[in-house]
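when you get a sec, could you give me coordinates for this:
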Amino acid sequence: MTPMPSLLPRPTILSIEPYVGGESKLPGVNRIVKLSSNEGAFGVPPAAKAAYAELAGELHRYPDGSAAPLRAALGARFKLDPAKIVCGNGSDEIIAHLILAFGGEGTELVMSAHGFVMYDIAGRYAGCQVIKVPEKNLTADVDAMLAAVGPRTRLMFLANPNNPTGSLLPAAEVARLRAGLREDVLLVLDSAYAEYVTRPDYDPGTALVEAGTNTVMTRTFSKVFGLGGVRLGWCYAPAHVVDVLNRVRGPFNVNAPAMAAGIAALAEPGWVEKSVAHNAEWRAKLSSALTAAGITVHPSEGNFILADFATAARAKAADAALKARGLIVRAMGAYSLPQCLRITVGTAEECTMVADTLAAFMQSADAA
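Next up, the predicted model:
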């Protein structure tokens, strides 16, 4: 019998289920197609790859602790004030710092029921009570979110577009959400998939940050810019939030090769345009193919779709059929959507493989 340790963490820590990333390996399969983590369809931008390699001989040097060159490049690319930008080891790091700094024991964090799981994990780590608000048609319900706010609420998180549902709130609805919150509640808009949105009624959060409200916009290089492996994210925030983040983040939290790759990726000619056009085309084609096969596909504004198989058992069987072809997608049990699979929009060939495999699966399942 293993004795219990006398040193124990806070009780909320033990309530956390460790985060499990998208699968990447299948034993006995020659060719694996990974469509489980919403990585960019075209891999790494060539200029970013070259910039990263060029730093190989300088790895003994500490990076710029303020990430000033990267913040300047972000400011120029998105027409933002670099002084209001904080960079991090992925946007997950920034999310955790915000929750630890503004939340903690005795506070509440409000999020939508199927919002990104890291809000829940970081919230519990900080000791917050995490309140998950039911959604309407797999979309955040503004009125319900506001109704969930209590006197202890200090943080509200909204992924827009949302991962894993792909749903989107227009700018007017997000503004209404902010207007309905007290000034001592920080609204964090997670805009990891902002580049993929083509709707004119969308704002990733820039307007609310610049309006001087207590709003933060987080962004990432892991999706359209193809740099998930280097862990690079950033946020745009009011000056007083920037001050807090710069007090609590690590002094060298962004490594030098990551910064170099990020700056180069921002400047890669046509990269975002090509990626967004491909995503719009093949998200629609894949959605149509799966719908024709009898699978419900929820509307998505990201570089992924949410395929609904009606039952958890059928979703599990569909996942197994895909894996048999070397296709790895993401099961959604951790998001309380066990009947669904989230499928990244990959290359044309990869999307076609998914469509063909699931069409055959649905035929065999219906015949059984």
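
for stretch 323-333, C-alpha coordinates in CSV please.
Taking Å, rounded to 0.1, in the frame of the first residue of the first chain, the C-alpha atoms of stretch 323-333 are listed here in CSV:
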residue,chain,number,x,y,z
LYS,A,323,-7.7,5.8,-37.6
ALA,A,324,-7.7,2.7,-39.7
ARG,A,325,-6.9,4.9,-42.7
GLY,A,326,-4.2,6.8,-40.7
LEU,A,327,-6.5,9.8,-40.1
ILE,A,328,-6.3,11.3,-36.6
VAL,A,329,-9.1,13.7,-35.6
ARG,A,330,-10.1,14.9,-32.2
ALA,A,331,-12.7,13.2,-30.0
MET,A,332,-14.8,15.6,-28.0
GLY,A,333,-15.7,13.8,-24.8
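
distance of A365 relative to A317?
7 Å (Cβ to Cβ, to the nearest Å). Every C-beta, even on glycine, is put in place using the N, C-alpha and C of the backbone.

my read: G65 touches P251, true?
Yes: with contact defined as Cβ atoms under 8 Å, G65 and P251 form a contacting pair (5.0 Å).

what comes up buried for the helix or strand containing V188?
Per DSSP states H and E: V188 is located in strand 186-190. Within strand 186-190, the residues that qualify as buried are L186, L187, V188, L189, D190, counting by 16 or more other Cβ atoms under 10 Å.

likewise for stretch 336-355?
Buried-residue list, stretch 336-355, by 16+ other Cβ under 10 Å: 337-346, 350-351, 353-355.

looking at those residues, which are in helices?
E350, C351, M353, V354, A355 (DSSP state H).

show me what contacts the residue nearest to the spatial centre of the chain?
By Cα atoms, centre = their mean, the chain has its centre lying nearest to A192, at 5.0 Å. Taking Cβ atoms under 8 Å, 6 or more residues apart in numbering, we find A192 in contact with S91, A159, N163, T218, R219, T220, S222, K223.

swap in 10 Å and give it another go.
38, 90-92, 116, 159-163, 204, 218-224, 233, 302-303 (Cβ atoms under 10 Å, 6 or more residues apart in numbering).

about what we covered before: just checking: what are the partner strands of the strand holding V188?
strand 153-159 (parallel), strand 215-220 (parallel) (DSSP bridges).

correct me, but S364 touches A320?
No: the pair S364 / A320 is not scored as a contact, 11.9 Å apart, by Cβ atoms under 10 Å.

neighbours around K49, how many?
By the measure other Cβ atoms under 10 Å, the count of residues near K49 is 16.

and if you look at E135?
So E135, with other Cβ under 10 Å, has 18 neighbours.

so it makes contact with H114?
Yes: counting by Cβ under 10 Å, E135 touches H114, with 6.0 Å between them.

overlap in contacts of the two?
Joint contacts of E135 and H114 (Cβ under 10 Å, 6+ apart) are N162, T165, S167.

ok, and the most crowded of the residues you listed?
Busiest of the shared contacts of E135 and H114 [other Cβ under 10 Å] is T165, holding 29 neighbours.

do you know how far that residue is from E58?
Relative to E58, and taking Cβ to Cβ, T165 is found at 42 Å.

residues touching the closest residue to T296 other than its chain neighbours, list them.
Nearest residue to T296 in three dimensions, chain neighbours excluded: D308, at 3.9 Å (Cβ to Cβ, 6 or more residues apart in numbering). Neighbouring residues of D308 by Cβ under 10 Å, 6+ apart: 138, 290, 295-298, 314-315, 332, 337, 339-341.

all strands of the stretch 1-150 of the chain, in order?
33-34, 85-88, 108-112, 129-133 (DSSP state E, counting those that start in this stretch).

quick one: list the elements packing against the second one.
By that I understand strand 85-88. Here strand 85-88 touches helix 68-78, helix 91-102, strand 215-220, strand 233-236, helix 239-248, helix 256-267, going by 3 or more Cβ pairs under 10 Å, 6 or more residues apart in numbering; DSSP states H and E.

look up how far R10 lies from the spatially closest residue to Q129 that is not a sequence neighbour.
Leaving aside its chain neighbours, Q129 sits nearest to E108 (4.8 Å; criterion: Cβ to Cβ, 6+ apart). Distance from E108 to R10, counting by Cβ to Cβ: 16 Å.

between the two, point out the one with more neighbours.
E108 (20 against 12).

got a list of what the more buried one touches?
E108 neighbours (Cβ under 10 Å, 6+ apart): 123, 128-131, 148-156, 185.

make it 7 Å
C128, Q129, I131, G150, R152, T153, R154 (Cβ atoms under 7 Å, 6 or more residues apart in numbering).

so how far is T215 from the last one?
Which is R154. 14 Å.
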